[in-house]
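K.L.:
sequence first, predicted coordinates after that:
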2 protein chains.
Amino acid sequence: MTRRTRVPHEAAHPDTTPIRGVPEATVARLPLYLRALAALVDRGVDTVSSEELAESAGVNSAKLRKDLSHLGSYGTRGVGYDVNYLRRQISREVGLTQDWPVVIVGIGNLGQALANYAGFASRGFRVAALVDADPALTGKQVAGLTVQHTDDLERLVAQLSIAIGVIATPAVAAQQVCDRLVAAGVTSILNFAPTLLHVPEQVGLRKVDLSIELQILAYHEQRRSGAPLALTAEQAAELAQAVRG
Amino acid sequence: MTRRTRVPHEAAHPDTTPIRGVPEATVARLPLYLRALAALVDRGVDTVSSEELAESAGVNSAKLRKDLSHLGSYGTRGVGYDVNYLRRQISREVGLTQDWPVVIVGIGNLGQALANYAGFASRGFRVAALVDADPALTGKQVAGLTVQHTDDLERLVAQLSIAIGVIATPAVAAQQVCDRLVAAGVTSILNFAPTLLHVPEQVGLRKVDLSIELQILAYHEQRRSGAPLALTAEQAAELAQAVRG
DNA sequence: GGGTGTGAAGCTATTCACAGCC
DNA sequence: GGCTGTGAATAGCTTCACACCC
């Protein structure tokens, strides 16, 4: 069994890997930079410093420069970044220069809202199909598309070359839908159902849980002001203990 | 050095601030644990090991134990955690044992979906008011509530003791709405508008940008399969350089 | 002068592995 | 024997500060 052999495995290796290996934290911020750059384009600005761009993206400038340095050397020292050029480079890196047909599964309130969401279309995400298991919904028009029945999921994915699926079903249906999407060839999934999904190693999965965000806010809110107002007997006892040491 | 510093053993200083200072990363996972615990309760399970709970929350067990250790010592060595007890403790820590009236501003597709979202109510978040600037919407019933006009925002926040606001307006209106919420006394804001919001230091702010999640998926998707298909001249040159260098 | 790109330092988070307790 | 709680090690991310280039 494993001793406590710490194992050096590799100590000094240049290993700079410039054209790959963008840190995940950086990837998550690239869309922010794109948004800020789009706003600058609209304002007719054509050159920005890292300071200014960072400001409008809500990050600090050192972080911005470090992030961009992972993509390449797109700025000019003493000048800044060309807004249009930088925007194109980041778009390409993220993959927004290509068309991404998307299927939304689960056309309840949330699914309909997503189908109508303008922010998708404006970034190259084309809602190509809407799917629901409810026969009462299939055939209806939503966001200019006819809602299809879940039975046709596999056919739609294949015919429309869909690589990205959005799950907006109730939690109980989500894993089954997910499995079918994966089996049909979808390799990226965005999950809005409040449940844990299992996907194969190679499939990309991200989740948005609306109530989790509220809970995180509530945690901090409670600490700011609320806690004393709603002190339970248990809390009081604990607090007393803590004070006593 | 420090191969086996065995001296300090415990030090036992109340100074460790047990009832404060939960790392942000831990806070963000507490809702996951609550979700997993709720599922276990539904299944009638009343004791779990960190291994099992971690599995159902989708994290690794060392991380789970470390996270829980920041809240207190709620497990039993050799046994595991009492499901109901642990759930109550975490709920209390997050603040879900109290009622959180919430106002949703912007009752478009997304706002309506949020108003109807069952996941809020089930966690103690009560949608107390719906507000929109569009006179065509005000007075209509949505999710059992009458949509109010933005003019009444301040009054509603005060009368309903609202501490949490959800912004689901178009991007251009978001900052103005945000300012009014803050001025009215709201101290936590969840922003769905795809724009950067400025709030005072003490106000909690979280954001959900639906298109950002898709963009992150697209980034990885492109690397999995798409990139070669859409290779630009620039990329080709870069690639060639990388191969050479 | 001005501002990018980047080693180095500092910080936070994750994982390991085991002492301590049931 | 089993499992928690936790120091220690590691990995990853952020920030600093300045060399370098325009």
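P.N.:
Yep, that arrived.
K.L.:
and the next element down the chain from the longest strand seen in chain A?
P.N.:
The longest strand of chain A (DSSP state E) is strand A:125-132. Following strand A:125-132 in sequence order, the next helix or strand is strand A:141-142 (DSSP states H and E).
K.L.:
can you give the strand pairings for that next one, parallel or anti for each?
P.N.:
As defined by DSSP bridges, the strand partners of strand A:141-142 come to strand A:145-146 (antiparallel).
K.L.:
give the pairing partners of the next helix-or-strand element following the strand it pairs with; include direction for each.
P.N.:
Proceeding N to C from strand A:145-146, the next assigned helix or strand is strand A:148-149, under DSSP H and E. In the sheet, strand A:148-149 lines up against strand A:125-132 (parallel) (DSSP bridges).
K.L.:
identify each buried residue in the strand it pairs with, please.
P.N.:
Across strand A:125-132, burial judged by 16 or more other Cβ atoms under 10 Å in any protein chain shown covers A:Phe125, A:Val127, A:Ala128, A:Ala129, A:Leu130, A:Val131, A:Asp132. From N, CA and C alone the C-beta is placed, and that goes for glycine too.
K.L.:
contacting residues for A:Leu153?
P.N.:
A:Val103, A:Val105, A:Val131, A:Val177, A:Arg180, A:Leu181, A:Ala184 (Cβ atoms under 8 Å, 6 or more residues apart in numbering or on different chains).
K.L.:
give me that answer again for 6 Å
P.N.:
Each residue near A:Leu153 by Cβ atoms under 6 Å, 6 or more residues apart in numbering or on different chains is listed here: A:Val131, A:Arg180.
K.L.:
what helix or strand is it on?
P.N.:
Applying DSSP H and E as the criterion places A:Leu153 in helix A:153-159.
K.L.:
got the buried residues for that helix?
P.N.:
For helix A:153-159, using 16+ other Cβ under 10 Å, the buried residues are A:Leu153, A:Leu156, A:Val157.
K.L.:
wait, the second one sits on A:Ala128?
P.N.:
The reference is to A:Leu156. No: between A:Leu156 and A:Ala128 there is no contact under Cβ atoms under 6 Å: 7.9 Å.
K.L.:
now do the phi/psi pair for A:Tyr81.
P.N.:
Here is the backbone geometry of A:Tyr81 (degrees, to the nearest 10): phi -120, psi 140.
K.L.:
what is the neighbour count of the residue lying closest to it once chain neighbours are set aside?
P.N.:
Using Cβ to Cβ, 6 or more residues apart in numbering or on different chains and skipping the chain neighbours, the partner closest in space to A:Tyr81 is A:Gly75 (4.6 Å). Neighbourhood size, A:Gly75 [other Cβ atoms under 10 Å in any protein chain shown]: 20.
K.L.:
what does A:Val45 give?
P.N.:
A count of nearby residues for A:Val45, using other Cβ under 10 Å, gives 15.
K.L.:
okay, strands next: where are they in chain A?
P.N.:
So, for chain A - with DSSP E - the strands run A:47-48, A:75-76, A:80-82, A:100-105, A:125-132, A:141-142, A:145-146, A:148-149, A:164-167, A:188-191, A:204-207.
K.L.:
pipe the ones you listed into TSV and attach distance to B:Val83 and mean pLDDT per row.
P.N.:
Conversion of the strands of chain A to TSV gives the following (distance: least, Cβ to Cβ, whole Å; pLDDT from 0 to 100):
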stretch	distance to B:Val83	mean pLDDT
strand A:47-48	53	98
strand A:75-76	54	98
strand A:80-82	53	98
strand A:100-105	32	98
strand A:125-132	34	98
strand A:141-142	40	98
strand A:145-146	43	98
strand A:148-149	39	98
strand A:164-167	27	98
strand A:188-191	25	98
strand A:204-207	23	98
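K.L.:
most neighbours per residue, which of these?
P.N.:
strand A:164-167 (a mean of 26; mean count of other Cβ atoms under 10 Å in any protein chain shown).
K.L.:
chain B: which of the buried residues of helix A:153-159 is nearest?
P.N.:
Chain B lies nearest to A:Val157 out of the buried residues of helix A:153-159, by Cβ to the nearest Cβ, at 14.0 Å.
K.L.:
count the neighbours of the closest residue to the closest one other than its chain neighbours for me.
P.N.:
Spatially, and ignoring its direct neighbours in sequence, A:Val157 is nearest to A:Ala184 (4.0 Å; Cβ to Cβ, 6+ apart). Neighbour count for A:Ala184, taken as other Cβ under 10 Å: 16.
K.L.:
gap between A:Ala184 and chain B?
P.N.:
Going from A:Ala184 to chain B by Cβ to the nearest Cβ, to the nearest Å gives 15 Å.
K.L.:
relative to DNA strand C, how far out is that residue?
P.N.:
According to Cβ to the nearest atom of the strand, to the nearest Å, A:Ala184 and DNA strand C sit 30 Å apart.
K.L.:
quick one: residues contacting the residue nearest the centre of chain A.
P.N.:
A centroid search over chain A (Cα atoms, centre = their mean) returns A:Arg206, at 6.1 Å, as the residue closest to the centre. Each residue near A:Arg206 by Cβ under 6 Å, 6+ apart is listed here: A:Leu190, B:Glu213, B:Leu217.
K.L.:
DNA strand D contacts on chain A?
P.N.:
A:6, A:9, A:23-26, A:59-60, A:62-63, A:65-66, A:76-79 (Cβ under 7 Å from any atom of the strand).
K.L.:
ok, which pair from the residues you listed is furthest apart?
P.N.:
The largest separation in the residues of chain A next to DNA strand D, counting by Cβ to Cβ, is between A:Arg6 and A:Val79 at 47.1 Å.
K.L.:
out of these two, which sits in the busier spot?
P.N.:
A:Val79 (10 against 6).
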